[in-house]
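Engineer: take a look and give me a structure for this.
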Amino acid sequence: MGSIPSLNRQLLLAVAVPLVLSFIVTIVVLDGIFRASATRALRERLEQEVIALVTAAELTEDGRFDLRLLDPESRLRRTHSGQYGLVRNAHGRVLWRSTSLGSMALQFGPPVTSGHTEFFAATLADGASVGVLSRGLEWDYAPGNSAQLVFSVAEDLAEQDARLWQFRRRLCVWFGALALLLLAVLGGLLRRVLRPVRRLELEIAEVDGGRRAQLGGGYPRELAGVTGSLNALLSSEQQRISRYRDTLGNLAHSLKTPLAVMRASLGGGA
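Structural biologist: So this is what the prediction gives:
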């Protein structure tokens, strides 16, 4: 039969398991909130970039498209900067592409209809992930003439993913340290709370070894009834043993004279 775990260990496990599970659930929830917030911030940045492209775009009366970036420090001007732009017509023909694209074959998805916005994540050939946002617009470039244009922008998610993993590591470290601290404090409190139980165990061992006749006092209310009952049992047992001792003494005393007579008779007969 296997040994039964100590009460201290059982209580510690009973508290530690729900505590760790609650921390895991909290980490998962916070991770989801952070990811949702990062995705929302990414979409807002991409929408701002689309607005900047629309502001800088021109469509002449003959249908010729031109786009001049207003910001000289724009990442769209730098090759492989991590931010990319593309303008297409409704049939998918490219009207403008950012310098940052270089020779990249980035898929911005099919053209979207006017008034609609599509946002999704794509994976490049090298395994890198990008967030892509496309918005369809109807552009009036001459009286009675309009064109369906699709403005698309994309941003490399490497920096966002790095921040996400850093946030996850910090969460695990913080909650891991907090869990260890709480478990250490809980272990100390349990040792203090269970100190009367260990004292009771030691005193019972002393009674069993004959070094103590009664259990001590000053126990908590939850153990006072137990120690009182044990002391009453010990007192009753001691009285019973005393009566047996007295009875055996009286019996020995009463047998002393007959035994002496028998010894004398046997000696005389010899």
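
Engineer: what about Phe65, neighbour count?
Structural biologist: Around Phe65 there are 18 other residues, counting by other CB atoms under 10 Å. C-betas here are computed from N, CA, C, even on glycine.

Engineer: do the same with Thr26
Structural biologist: When neighbours are counted by other CB under 10 Å, Thr26 comes out with 12.

Engineer: in a helix, that's where it is, yeah?
Structural biologist: Yes - Thr26 sits within a helix when classified using DSSP: H, G, I helix; E, B strand; the rest coil.

Engineer: quick one: secondary structure of the closest residue to it other than its chain neighbours?
Structural biologist: Leaving aside its chain neighbours, Thr26 sits nearest to Phe175 (7.0 Å; criterion: CB to CB, 6 or more residues apart in numbering). With three-state DSSP as the basis, Phe175 sits in helix.

Engineer: for the stretch 51-200 of the chain, what spans make up the strands?
Structural biologist: Counting by DSSP state E, counting those that start in this stretch, the stretch 51-200 of the chain has strands at residues 57-59, 65-67, 83-89, 94-97, 117-123, 129-142, 145-156.

Engineer: and the fourth one, what's its mean pLDDT?
Structural biologist: Right, strand 94-97. The pLDDT scores in strand 94-97 average 88.

Engineer: next one: the fifth one
Structural biologist: When the per-residue pLDDT values of strand 117-123 are averaged, the result is 89.

Engineer: same check, this time on the second one
Structural biologist: When pLDDT is averaged along strand 65-67, the result is 78.

Engineer: centre of the chain versus that strand, how much separation?
Structural biologist: Centroid separation between strand 65-67 and its chain, computed with CA atoms, centre = their mean, to the nearest Å, is 52 Å.

Engineer: what is that strand packed up against?
Structural biologist: Here strand 65-67 is seen to pack against strand 57-59, strand 94-97 when contacts are counted using 3 or more CB pairs under 8 Å, 6 or more residues apart in numbering; DSSP states H and E.

Engineer: could I get these as CSV with mean neighbour count?
Structural biologist: Output for the helices and strands packed on strand 65-67, formatted as CSV (neighbours: other CB atoms under 10 Å):
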stretch, mean neighbour count
strand 57-59, 16
strand 94-97, 16
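
Engineer: so which of these gets nearest Phe34?
Structural biologist: Closest of these to Phe34 is strand 94-97, at 32.9 Å (criterion: CB to CB).

Engineer: other SSEs contacting the closest one?
Structural biologist: Right, strand 94-97 is packed against strand 65-67, strand 83-89 by 3+ CB pairs under 8 Å, 6+ apart.
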